[in-house]
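Peer 1: using only what follows, build the 3D model:
(2 chains, ligands or ions: 2)
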Amino acid sequence: MPKDHGIGASQKRREDVRFLTGAGQYTDDISTYGQTYCVFLRSDVAHGTINNLDTSDAEAMPGVVRIFTGKDFEGIGGLPCGWQVTDKNGEPMKEPAHPVLAQGKVRHVGDPIAAVVAESLEEARNAAEAIVYDIDELPAVVDMKAALEAGAAKVHDDLDDNLCYDWQFGSDQAAIDEAFSNAAHVTTLDLINNRLVANPMEPRVALGEYNRANDESTLYTTSQNPHVIRLLMGAFVLGIPEHKLRVVAPDVGGGFGTKIFHYAEEAFVTFASRQINRPVKWTSTRSEAFMSDAHGRDHVTKIELALDADNNFIGLRTDTLANMGAYLSTFSSSVPTWLHGTLMAGNYKTPAIQVNVKAVFTNTVPVDAYRGACRPEATFQLERLVDKAARELGVDPIALRRQNFIDSFPYSTPVAVEYDTGDYTATMDKLEEMIDREGFEPAARRARPMASCAGSASTAISRPAALRRRTSWVSSARAPVSMTPPRCG
Amino acid sequence: MTKVTMTVNGKAVSKEVSGNTLMTEFLRDELHLTGTHVGCDTSQCGACVIHVDGQSVKACTMFAGEAEGASVTTIEGMANADGSLSVIQQAFQDHHGLQCGFCTPGMVMTAAALLKENPKPSEHEVRDYLEGNICRCTGYHNIVKAILAASGQDVSGIAAE
Ligand code: FES
Ligand code: FES
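Peer 2: Ligands and ions are numbered 1, 2, ... in the order given. Alright, predicted model coming up:
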């Protein structure tokens, strides 16, 4: 019987009634008195120098209020990265400037060159098309390995190369070398966690409003994270004190991580509304979302597992290239490091683990946290590797997992996490029961000649429940079936 | 500018619009009926589905002028006369057929069109009919379940996924 109250009972959501009757209020549903419309002119090349940018014809077009270019943002802050990472030599990561509007160079398709503010959306679009510009295309780096080669085109001229940081974490070199030299078997796997675009159903929107009477700005934005946006935009980009800045995030039509970050368009509409003393609204098109929303994943990894003669895991070593894109988005630097490296133990008592991550700049859209934010990447690498090891050794993949499960708590992993509790054997028992493994595998074998896709996979996932300090995590065992609970956005 | 006249959710409306005004713009900007959403610029997502003379239509892909003289229903016109949720809307709430709610107006309008054409659809027919509506949050199972439940069919055997 389903429960009707208390823990475990199904709850009716309060927001459903307004969503089901068309009364939800998403950012694009908000319009303000005297509102203007903004359209960005975006780069259609991955890398280039802006030679000529002439807005005079466009400015004379009907309805144009003002056209902004990089010049209007000279001396104004750029978009900051919110997480400093120190590389393995103790050097801070490279954080190149991330201007609101391009300053002389474009570094990815979609990099904004100019912004038109007009009385109507149609007039803004027409004027954006009338801007005359000339970009000298430069060689672009897209592939991370190629981007790290000597002589590769540089995304940022003021950096020595395209390396953002070279991060190392976990066991020291001696411990990891010893594990691999004692190994009876080493399994190696190369894999790609492919780049993706989050694509929430609601495109991003930003509406900036300025009140000259009290010098206050309000930003309505499609955001999962309005407080951080107020902090970053106020303190680092526009220099507006927090008490003069209000950031409103109404109903959000899905985010999947990509609406966590502080974006150029938010800073732009806030800035422009102060300049022209009228509200400025920008609504992304779907096509624009592909080149201006932060992307997710994009890792290339080599991972190795050392096993002793009894198939115990004795060492794990990873080498990952993580694509940052052309600029560091708000939390980009933390994703392949602290959110990923700390998960590499998984549910296994591997005594020596070393995680190596090189973050790379390329001429692509910036990459940041997306659904699980690198914990899925870590789990995918580890569990694919365990399956491969089982195949190479000719042993049952579930038995190999069970044998190596952490079985006493609290447990400190070599990657800085203390697991307070867990029962992986019980969750694996439950999983085997749920998938009816004994009945499933003969069925899958029968299906195979018909080229069916039947197959089995098992993963065991730990996901931190909360971040304590930077290097200390609380973890609980989770049912191995579902990676993240279904949730809004 | 041309004058367009139509009935929207039972009310007569008349506005001056330019010839290239899309039905989504007309509803959202002129009539302030913001329940009809715009999720794409390629007629793919279905967040904008409305009914025009009883037919389901992607409002982003028709001009307001094309609805001249028509009877239009949007999500704002779908609740019962007393303001309570209609059978389809209630089924979406009961079966958790929505999360962020952005696709939901289009889903409800499409579901209503389906059940009018086919009052007892099979699960396969529901999935097939939803081909033009994208949901990024739910994974569709509970939407399908809600529509089957709204058609009066027993969904107790369908696992919530
Ligand atoms: S807005 Fe996507 S189909 Fe109409
Ligand atoms: S509920 Fe979010 S897109 Fe369907």
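
Peer 1: quote the end-to-end distance of stretch A:227-245.
Peer 2: In stretch A:227-245, first residue to last residue: 10 Å (Cα to Cα, to the nearest Å).

Peer 1: quick one: contacts of it?
Peer 2: A:76-80, A:82, A:100, A:214-219, A:221, A:223, A:246-247, A:260, A:262, A:266-267, A:270-271, A:330 (Cβ atoms under 8 Å, 6 or more residues apart in numbering or on different chains). In short, each C-beta sits where N, CA and C put it, glycine included.

Peer 1: among those, which lie within strands?
Peer 2: If you go by DSSP state E, those have A:216-219, A:221, A:246-247 in strands.

Peer 1: parallel or antiparallel, which strands does the helix or strand hosting A:Tyr37 pair with?
Peer 2: Using DSSP states H and E, A:Tyr37 sits within strand A:36-42. Here strand A:36-42 is paired, per DSSP bridges, with strand A:112-118 (antiparallel), strand A:280-283 (parallel).

Peer 1: quick one, what contacts the closest residue to chain A within chain B?
Peer 2: Per Cβ to the nearest Cβ, B:Gly35 is where chain B lies closest to chain A, at 2.0 Å. Contact analysis of B:Gly35 by Cβ under 8 Å, 6+ apart lists A:21-24, B:74-76, B:105.

Peer 1: just A:Lys388 next, same as before
Peer 2: A:187, A:189.

Peer 1: from ligand 2, how far off is it?
Peer 2: Distance, A:Lys388 to ligand 2, using Cβ to the nearest ligand atom, to the nearest Å: 36 Å.

Peer 1: out of the ones in strands among the contacts of stretch A:227-245, which are buried?
Peer 2: A:217-219, A:221, A:247 (16 or more other Cβ atoms under 10 Å in any protein chain shown).

Peer 1: how about stretch A:128-141 as CSV, C-alpha atoms only?
Peer 2: Output for stretch A:128-141, consisting of C-alpha atoms alone and laid out as CSV, is shown next (Å, rounded to 0.1, in the frame of the first residue of the first chain):
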residue,chain,number,x,y,z
ALA,A,128,22.4,43.4,-35.6
GLU,A,129,22.5,42.1,-39.2
ALA,A,130,23.5,45.6,-40.4
ILE,A,131,26.6,45.8,-38.3
VAL,A,132,29.7,45.8,-40.5
TYR,A,133,32.6,43.7,-39.2
ASP,A,134,35.6,42.0,-40.4
ILE,A,135,37.3,39.1,-38.6
ASP,A,136,40.7,37.9,-39.6
GLU,A,137,40.4,34.2,-39.0
LEU,A,138,43.2,32.6,-37.0
PRO,A,139,44.0,28.8,-36.7
ALA,A,140,41.8,27.3,-34.1
VAL,A,141,42.5,24.6,-31.5
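
Peer 1: and that stretch with chain B, contact?
Peer 2: No. Counting by Cβ under 8 Å from any Cβ of the partner chain, chain B has no neighbours in stretch A:128-141; the shortest distance is 15.1 Å.

Peer 1: residues in contact with that stretch?
Peer 2: A:39-41, A:43, A:45-55, A:57-58, A:61, A:67, A:106, A:113-114, A:116, A:147, A:152-153, A:155, A:162, A:361-363.

Peer 1: just the buried ones among those, please.
Peer 2: Buried positions within the contacts of stretch A:128-141, assessed by neighbour count (16+ other Cβ under 10 Å), are A:39-41, A:43, A:45-48, A:50, A:53, A:55, A:58, A:61, A:67, A:106, A:113-114, A:116, A:147, A:152, A:155, A:162, A:361-363.

Peer 1: quick check: phi and psi at A:Tyr348.
Peer 2: Main-chain dihedrals, A:Tyr348, degrees, to the nearest 10: phi -110, psi 150.

Peer 1: so which strand or helix has the closest residue to ligand 2 within the stretch 201-350 of chain A?
Peer 2: Ligand 2 sits closest to A:Met201 of the stretch 201-350 of chain A, with a gap of 3.8 Å, by Cβ to the nearest ligand atom. Using DSSP H and E, A:Met201 falls within no helix or strand.

Peer 1: excluding its backbone neighbours, what's nearest it?
Peer 2: The spatially closest residue to A:Met201, leaving aside those adjacent along the chain, is B:Phe102, at 4.3 Å (Cβ to Cβ, 6 or more residues apart in numbering or on different chains).
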